[in-house]
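Trainee: Structure for this input, please:
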Amino acid sequence: MDAKSWLRKALGRGVKSPQRKSLPDGVWLKCDGCAAIIYRNELMRNLWVCPRCGQHMKVGAAEYVALLTDDGFEEEIAAGLISADPLKFKDSKSYKDRVKAATAKTGLEDAVVAGSASIDGVSVALAVMDFNFIGGSMGSVVGEKVARTMRAGLERGLPVVIVSRSGGARMQEGILSLMQMAKTAAMAARLREARIPFLSVLTHPTTAGVMASYASLGDVIISEPGALLGFAGPRVIRDTIKQELPEGFQSAEFFLEHGMIDLIVPRTKMRETVGRVLRHLAAPAPVAGE
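Mentor: Coordinates of the predicted model:
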C-alpha cells in the first residue's frame, strides 16, 4: 500500500491530519529592495535595515526617535498643536477628516514630533518627521514645530537636529503651507548667525517644499543610503528643462557625488555619526599660532 492510500484509509477511520498553526500577521515581512522574507524581530534588531541587501525601510517618527536618541525625548517641544482648516478644504473628503484619520492611524497630532534629547551623549533640540501622517506634508503645524525646535536651540544654546521625510507642502492649507518654507529658512539663518550647529538628516523620501527649505540648509547634511531626494518629480523636471535626465539623479548617492549633501550614513551608524559630527561642530576653533 502506497503512502497516499494509507493516508486515505487512516483518515477514513477518523485519524485527523495534523493542523498547521497560523502565524499572526506581520511576523514575516517582505523587503522592498530584494524581496527577501525576513523575520520581523530580526528587522527590528537591525533598526529596520534589511540584513540581506541593506535596504532602509520606512519607519515612523517614534521608531526613529528611539533609534537616534539615547533615551527618547526628555521634554516635548510645542506639544498640542493641531492643524486648523483655514480654507475649509474638501476633495474626496474634508481636510478635517483627513487630519482625524491620520491622527487615528499614527497616534500623532501632526507630521512631526519635537523635543529636547540626547544623541550619543550630546544634548540637542530634535525634530523628526513622520511620512505616515499625510505623506509627511508640511503645513502650518509642521512649520511651527520645526521653527520652535530651532528657537529652542537658540534660547538654550543647543545644537539642532532635524530628521526629514516628506512629500512636500500640504496643499490643503494653500499659501499658508508655502509660507512655512520662508519661516523655517529664516530660523535656520538665525541659527547660523548665532553659530548654533544645525544638522539635517535626510531619509527616504525628502522632497519638494521641505527639501527646498530647512532640509537643505543644515551646516552638515547627512542622508540615509538610497533615499529619494529632490524638489519635483522627474516628469515635471523633464518637461520644464526639455532635457533628458541622468540615471538616478534624485538619489542620495547622486547628491553626494555632486556636492549637494555631505555624508551618506547607514541607519545603524547614524546615532554615533551624528554625535561625532555635533561634537566636532561645537568644538572651539583653534587659536592662530597654537
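Trainee: contacts and neighbour counts: CA atoms only from here.
Mentor: OK.
Trainee: Can you check the pLDDT for residue 26?
Mentor: Taken from the predicted model, the pLDDT recorded for residue 26 is 67.
Trainee: again but with residue 197, I slipped
Mentor: pLDDT recorded at residue 197 is 95.
Trainee: my guess is it meets residue 191, correct?
Mentor: Yes. Look at residue 197 against residue 191 with Cα atoms under 8 Å: they come within range, at 7.1 Å.
Trainee: neighbour-wise, which of these two wins?
Mentor: The neighbour count for residue 197 versus residue 191, taken as other Cα atoms under 10 Å, is higher for residue 197 (26 against 22).
Trainee: Outside of stretch 171-178 itself, list whatever touches it.
Mentor: Counting contacts by Cα atoms under 8 Å, 6 or more residues apart in numbering, the residues outside stretch 171-178 that touch it are 85, 86, 87, 89, 95, 138, 139, 140, 143, 169, 170, 209.
Trainee: which of those residues has the most neighbours?
Mentor: Counting neighbours by other Cα under 10 Å, the top entry in the contacts of stretch 171-178 is residue 138, with 30 neighbours.
Trainee: check contacts around that one.
Mentor: Residue 138 is in contact with 111, 166, 168, 169, 170, 177, 180, 209, 210, counting by Cα under 8 Å, 6+ apart.
Trainee: contacting residues for the most centrally placed residue in the chain?
Mentor: In the chain, the C-alpha nearest the mean C-alpha coordinate belongs to residue 165, at 3.6 Å (Cα atoms, centre = their mean). Residues touching residue 165, when contacts are defined by Cα under 8 Å, 6+ apart, comprise 129, 130, 131, 136, 202, 203, 204, 205, 206, 207.
Trainee: Report whether it is found in a strand, as I expect.
Mentor: Yes. When the secondary structure is assigned by DSSP: H, G, I helix; E, B strand; the rest coil, residue 165 falls within a strand.
Trainee: Identify the residue nearest it in space, chain neighbours excluded?
Mentor: If you skip the residues right next to it in sequence, residue 165 has residue 206 as its closest partner in space, 4.8 Å away by Cα to Cα, 6 or more residues apart in numbering.
Trainee: Pairing-wise in the sheet, spell out the partners of that neighbour.
Mentor: Taking DSSP bridges as the rule, residue 206 bridges to residue 166, residue 229.
Trainee: how much space between it and residue 179?
Mentor: Going from residue 206 to residue 179 by Cα to Cα, to the nearest Å gives 18 Å.
Trainee: Of these two, which one has the most company?
Mentor: Using other Cα under 10 Å as the criterion, residue 206 and residue 179 rank with residue 206 on top: 27 against 15.
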